[in-house]
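Peer 1: pasting the structure only:
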Ligand SMILES: Nc1ncnc2c1ncn2[C@@H]1O[C@H](COP(=O)(O)OP(=O)(O)O)[C@@H](O)[C@H]1O
Ligand SMILES: [Mg+2]
């Protein structure tokens, strides 16, 4: 299984080490899990560069993987980083303990909100995201096979262009924090005692706090509904709002979930 070309520095550090290949992510990235390291290989894109930038900026501020080596060659980005300990938030252990799970997720989100963003190198504010969404719509890059069934069609938006217009005309107020950008359960790791790491940070940066609340709430719903596992569970995703101490803002939740449909 060594037919993959790797930059020499990464090849040197991983040669002869055994690994498993991870298939949980949905981005098409190739992810190799070594005992203490993880290798992520992706087609180069703006977010693959941003991931390295933000990982370096976040190092020492909150628990994130340390960048061991990175490189780019022939349209691919290679990132070798430390392996985060613990289990993903979507692990059976946490899904069976909904109170612990929602308390941890809320604690993790507050950890992000407490980061001083004054010198954060990346912005994911509404304008930035809408501009990228516009490019995606114009280039026909919106993945219509991976949207909620009610977003487009009867009772929903005619097409991605119509959704984009609606988003542009209905921007909610903006509450900037450090936003993860893909705050779903497989991207946050816990041990039995606390938060051990945030991963998959290609969309992280200064952004609205409801961006993460919306995606986390949806991920909780999906993980409980049986969308990703064989069984349905009795867990009320709205517990997240109680754990965060915020009142659900239906308008902002809707806006950020609809924006995400274009990515
Ligand atoms: N540094 C890491 N430490 C531990 N596990 C990781 C690490 N990076 C990735 N993984 C595992 O690989 C999966 C996919 O990686 P991720 O960066 O989330 O890629 P994707 O963009 O495809 O979701 C994660 O959900 C996690 O299980
Ligand atoms: Mg991921």
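Peer 2: Alright, I've got the coordinates. Values in this document were obtained by computation on a predicted structure and should not be read as measured data. Residues are numbered from 1 along each chain as shown. Ligands and ions are numbered 1, 2, ... in the order given.

Peer 1: Name the next helix or strand following the helix or strand hosting residue 13 along the chain.
Peer 2: Element membership for residue 13, per DSSP states H and E: helix 8-14. Scanning forward in sequence from helix 8-14 by DSSP H and E, the next helix or strand is strand 20-22.

Peer 1: What strands line up against that following strand, and which way round?
Peer 2: Sheet neighbours of strand 20-22, with direction, are listed as strand 30-33 (antiparallel) (DSSP bridges).

Peer 1: Identify all contacting residues around the partner strand.
Peer 2: Under the criterion CB atoms under 8 Å, 6 or more residues apart in numbering, residues 4, 14, 19-22, 25, 38-42, 83 lie in contact with strand 30-33. Glycine gets a C-beta too; all of them are placed from N, C-alpha and C.

Peer 1: And for stretch 88-102, what's in contact with it?
Peer 2: 24, 87, 104-105, 185-190, 219-220, 223-224, 228-229, 233, 235-236, 239-240, 242-243.

Peer 1: Any figure for the gap between residue 161 and residue 133?
Peer 2: Computed as CB to CB, to the nearest Å, the residue 161 to residue 133 distance reads 11 Å.

Peer 1: what about the two, which has more around it?
Peer 2: When residue 161 and residue 133 are compared for neighbours, residue 133 comes out ahead with 22 against 14, by other CB atoms under 10 Å.

Peer 1: what about that one, distance to ligand 1?
Peer 2: Distance of residue 133 to ligand 1, computed by CB to the nearest ligand atom, to the nearest Å: 19 Å.

Peer 1: contacting residues for that residue?
Peer 2: With CB under 8 Å, 6+ apart, residue 133 has these contacts: 164, 167, 259, 262, 263.

Peer 1: Mind giving me the ChimeraX select for these, buried ones only?
Peer 2: Remark: buried members of the contacts of residue 133, expressed as a ChimeraX selection using 16 or more other CB atoms under 10 Å:
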select :164,167,259,262,263
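
Peer 1: Just the closest of the contacts of residue 133 to ligand 2, please.
Peer 2: Relative to ligand 2, the closest of the contacts of residue 133 is residue 263; by CB to the ion it sits at 13.3 Å.

Peer 1: Just to check, the closest one is in contact with residue 137?
Peer 2: No - using CB atoms under 8 Å, residue 263 makes no contact with residue 137, being 10.7 Å away.

Peer 1: for residue 39, what are its contacts?
Peer 2: Residue 39 touches 6, 10, 14, 19, 30, 31, 32, 78, 79, 80, counting by CB under 8 Å, 6+ apart.

Peer 1: Buried ones among the residues you listed?
Peer 2: Among those, those classed as buried by neighbour count (16+ other CB under 10 Å) are 6, 10, 14, 31, 32, 78, 79, 80.

Peer 1: Can you tell me which of the contacts of stretch 88-102 are also in contact with ligand 1?
Peer 2: Of the residues in the contacts of stretch 88-102, proximity to ligand 1 by CB under 6 Å from any ligand atom holds for 24, 186, 187.
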